[in-house]
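Asker: my questions concern the predicted model and sequence given below.
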Amino acid sequence: MDRLTAMHVFVTIVEQGSLSRAAENLDMSRAKVSRYLTELESWMDVRLLHRTTRRLSLTTAGEQTLEVAHQLLGLTQTLDDIRNQNTLELKGQLRITASYSLIDSFLMKVVRRFVSHWPQTAIDILATDDSVNLIDSRIDLAVRITNDLQPNVVARRIGECRSIVCAAPEYLQKRGKPTDAQSLVHHNCLSFAYFGRSAWVFDGPNGPESVPISGNISANIPEVLLDATLNGHGISLQPLGTVQPLIESGQLIVLLPEWQPKTLGVYVIYATRKQVTPLQRQFMDFLAEEMQRSPYW
């Protein structure tokens, strides 16, 4: 007996509510459907369905078997997708969302390489720093930087975001450089509304260290803080992947290199594990590989 096929037949019988409708759905004879069910029950040595002339109902063992059957069929589909992803030409459209800064500093480069490699694909990007309902907004994948995922979110960690403390030369000429993390209390620290608004946490030379901070500018999008930092208004935490070119050009100065700000995870969030398409999976793999290859993430 082909046990996977028997499991598929069993699931279809339950979903369709009768052997006859299952046979029609599977393009099999009713006798063949009945034989698969009988052989599965014989192999399991247990009755899976209560059968009468009017209706079918699951036994307790049938309910347990149905749950396992769904898992097995889902894993089989996943294996098929992996097998086929290198032999089938990817095509179709993905809708993804990410923050403005992540799109500008990293994601857009990955998207360009991906569509060049798979010319029959298209990527539609929604730029927003707010959380969105993936199903209501018809979003396939959301890329987020966070350490606070919502409960029950389906997500895959693809990398980490390292931050640095930095300021423009103009600010440091006026206020001087902080000599250690605690000296930040005497500086104008520009804060991000969703992260470290009242305290910055570091892994310092003597272990974890929390520093209370204050400043005259805060914002809910990092681009505003970066602009203020570049114009000499204060000190800020910035993602290394975003500001590395500005550091190399001398527009920003790295401060307190011995104090490492808290690292954040980079996640791809999607609606369900059960219906991930080959295009979604290939893009997530591609994105993870590109992030692992980058020295700044």
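Answerer: Received, thanks.
Asker: outline the domain layout of the chain.
Answerer: For the chain, automatic domain parsing gives the domain ranges 3-84, 92-161+265-293, 163-262.
Asker: any idea of the mean pLDDT in the first one?
Answerer: Averaged over domain 3-84, pLDDT sits at 85.
Asker: now the last one
Answerer: Looking at domain 163-262 alone, the average pLDDT works out to 93.
Asker: now do the end-to-end distance for it.
Answerer: 7 Å (Cα to Cα, to the nearest Å).
Asker: can you give me how far that domain is from the chain middle?
Answerer: Using Cα atoms, centre = their mean, to the nearest Å, the mean C-alpha position of domain 163-262 is found 27 Å from that of the whole chain.
Asker: touching, Ile221 and Leu102? I think so.
Answerer: No: judged on Cβ atoms under 8 Å, Ile221 makes no contact with Leu102 at a distance of 11.4 Å. All C-beta atoms are positioned from the backbone trio N, CA, C, and that covers glycine.
Asker: in terms of neighbours, single out the busier of these two.
Answerer: Shown here are Ile221 and Leu102; by other Cβ atoms under 10 Å, Leu102 has more neighbours (22 against 16).
Asker: what's the helix or strand harbouring Val211 packed up against?
Answerer: Using DSSP states H and E, the element containing Val211 is strand 207-212. When contacts are defined as 3 or more Cβ pairs under 8 Å, 6 or more residues apart in numbering; DSSP states H and E, strand 207-212 packs onto strand 199-204.
Asker: which strands and helices sit next to the strand it packs on?
Answerer: Counting by 3+ Cβ pairs under 8 Å, 6+ apart, strand 199-204 packs on strand 207-212, strand 260-261.
Asker: ok, now with 10 Å
Answerer: strand 163-167, strand 189-192, strand 207-212, strand 235-239, strand 260-261 (3 or more Cβ pairs under 10 Å, 6 or more residues apart in numbering; DSSP states H and E).
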